[in-house]
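Novice: show me the folded form of this:
(chains A and B, ligands or ions: 1)
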Amino acid sequence: MTPEAEFHQRDRDIHPPASTPVYKTSVLRSPRIPLWSLQNSLSEVTGPAFTPAELGPLDNDLVRNYARQGEPIGEQTIVHGYVLDGNGRPVPNTLVEVWQANAGGRYRHRNDTYIAPIDPNFGGCGRMLTDENGYYYFRTIKPGAYPFRNRINSWRPAHIHFSVFGTGFVQRLITQMYFEGDPLIPYDSIIATIPDKTAADRLTAKLDLNASRPLECLAYRFDIVLRGRRQTLFENRLQGG
Amino acid sequence: MTPTPFTLSYLPETPSQTAGPYVHIGLIPSQAGFEIFENNFGGDIAGPDVAGERIIIEGRIFDGAGHIAKDVLVETWQANAAGRYNHPADRQDKPLDPAFRGWARTGTNFETGLYTIRTIKPGPVAGRKGRKTMAPHVSFWLAARGINIGLATRMYFGDEEAANSDDPVLGIIEQPERRKTLIAPRSERDGAIVYTFDIHLQGERETVFFDV
Ligand SMILES: [Fe+3]
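Specialist: Numbering: from 1, shown residues only, chains lettered A, B, ... in the order given. As a prediction, this is how the structure comes out:
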């Protein structure tokens, strides 16, 4: 059985290599032996699917999904966009998960010891399924910058972590989104792991005034592209054929 | 930068970035230290209605200096007990198990470094056209601080020697001793079947990782 839905080879040149000394932790956590190239089998072209029933109604509203005694502090912000594949086709009903620091740059995580305070009304995570057009959106608080132990003075620009599935396990992707105009972007050691500047620039979400809510909050647009799959000669077969 | 012919009119993939030290907040919030979602994804996927032999897969993940990595996200994907994936692209003539999605997520423990998946043993899956059947296996995907792009590997079962020696994927790995990095020995503990699958990110015993 040859899978009908083989994925295109991953273009590794647009991704960070495994070992990037500018980001020190990668040095000991990167394989040294080249990866074995594996043609897609059923194990690679398949992957988990998720249903709306598995998510809660507030899961994509980070402003409200952990609000205990009021609203979280910071700039309310909308982030939205499309999940597409390499052929430009929407990826519908796929799970998008996000996590981030609060407005002060502090994570609600037992290992985060940064001096900025925990916001009692902000959890910092959310999740949603794309709709039939591959569209997603969520409301959140714009995260703050924070320092991390890398070089003496390494600061992360404001960012939101994204996890996306696609339809096959080999489309699985974790990445980070940045905000247009952030002065820390050129100094960031994590963005600097991506050797191709054009590729790195695609991680910066653009301010989207058209999608902002007047007198309420600004919006940023972030489209995500997953690997495309081969459009086989059998693509046009009859449904169920 | 080598130009690649893959760019014609295709959209380039969004570049990967490390999941960072706080990956748990988004994907396993209980491990980060709080509860937020009503329904959480986890590492125990062998519910009461799932068919198959109950097994535990556990192990630790080591970095290039031999340190245990205690903050790694571990996800697995596998076929059901009959060897069929719960996915429309799998049209093998085998039963689907509606109670079994086949996907698990967990993190290595902050103190012990151990990860634990409770699942069922998958059946063998058809290989690519013209190739042999694939021995039972579980696909692994790792993300963490210091891992710039998710690492893919496979776990095979130590008690499937005959199937493993015929497996078309193990077969492409030139050095037989490196194949062993993918094979988890089986043992019994308190009446449970345990497969131990340690992963070495780097170093003398580096696990085979795949460009899938
Ligand atoms: Fe972060």
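Novice: low-confidence ranges, chain B, go.
Specialist: Within chain B, the segments meeting pLDDT under 70 span B:1-7.
Novice: quick check: the residue of it nearest chain A.
Specialist: residue B:26 (2.8 Å; Cβ to the nearest Cβ). The way it works is simple: take the backbone N, C-alpha and C, and place the C-beta from them, glycine included.
Novice: need the contact list for that residue.
Specialist: A:97-99, A:124-125, A:127, A:161, A:163 (Cβ atoms under 8 Å, 6 or more residues apart in numbering or on different chains).
Novice: dihedrals phi and psi, the residue in chain A positioned nearest to chain B?
Specialist: Distances between chain A and chain B by Cβ to the nearest Cβ are smallest at residue A:99, namely 2.8 Å. When read as degrees, to the nearest 10, the backbone of residue A:99 gives phi -150, psi 150.
Novice: check residue A:198 too.
Specialist: Main-chain dihedrals, residue A:198, degrees, to the nearest 10: phi -60, psi -40.
Novice: per-residue pLDDT, the most centrally placed residue in chain A?
Specialist: By Cα atoms, centre = their mean, chain A has its centre lying nearest to residue A:162, at 2.1 Å. For residue A:162, the model assigns a pLDDT of 98.
Novice: doesn't residue A:172 make contact with it?
Specialist: No: taking Cβ atoms under 8 Å as the definition, residue A:162 is not a contact partner of residue A:172, at 11.7 Å.
Novice: tell me where chain B has helices.
Specialist: B:23-27, B:29-32, B:161-165, B:176-179 (DSSP state H).
Novice: out of the ones you listed, deepest packed?
Specialist: Comparing the helices of chain B by mean neighbour count (mean count of other Cβ atoms under 10 Å in any protein chain shown), helix B:23-27 ranks first with a mean of 26.
Novice: output that one as CSV, restricted to C-alpha atoms.
Specialist: What follows is helix B:23-27, C-alpha atoms only, in CSV (Å, rounded to 0.1, in the frame of the first residue of the first chain):
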residue,chain,number,x,y,z
VAL,B,23,6.0,24.3,26.7
HIS,B,24,4.0,22.7,29.5
ILE,B,25,1.8,25.8,30.0
GLY,B,26,0.3,25.4,26.6
LEU,B,27,0.3,21.7,26.1
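Novice: for the most centrally placed residue in chain B, give me its contacts.
Specialist: The centre of chain B sits closest to residue B:140, judged by Cα atoms, centre = their mean, with a distance of 1.8 Å. When the contact criterion is Cβ under 8 Å, 6+ apart, the partners of residue B:140 are B:74-76, B:152-155, B:197, B:199.
Novice: picking that back up, name the member of the contacts of residue B:26 with the most neighbours.
Specialist: Greatest neighbour count in the contacts of residue B:26, by other Cβ atoms under 10 Å in any protein chain shown, goes to residue A:124: 31 neighbours.
Novice: residues of stretch A:204-220 that come out buried?
Specialist: The neighbour-count check on stretch A:204-220 (16 or more other Cβ atoms under 10 Å in any protein chain shown) flags A:204-205, A:208, A:211, A:217-220 as buried.
Novice: hmm, which two among those are most spread apart?
Specialist: The span of those, defined through Cβ to Cβ, is set by A:204 and A:217 at 19.1 Å.
Novice: so who does residue B:192 touch?
Specialist: Neighbour list for residue B:192: B:54-56 [criterion: Cβ under 8 Å, 6+ apart].
Novice: what are the phi and psi values at residue A:139?
Specialist: Main-chain torsions, residue A:139, degrees, to the nearest 10: phi -110, psi 140.
Novice: can you give me every residue that contacts it?
Specialist: Contact analysis of residue A:139 by Cβ under 8 Å, 6+ apart lists A:60-63, A:76-78, A:217.
Novice: let's see if you can find the most crowded of the residues you listed.
Specialist: Highest neighbour count within these, by other Cβ under 10 Å: residue A:62, with 29 neighbours.
Novice: from what I see, it and residue A:127 are in contact.
Specialist: No: when contacts are counted by Cβ under 8 Å, residue A:62 is not listed as touching residue A:127 (10.1 Å).
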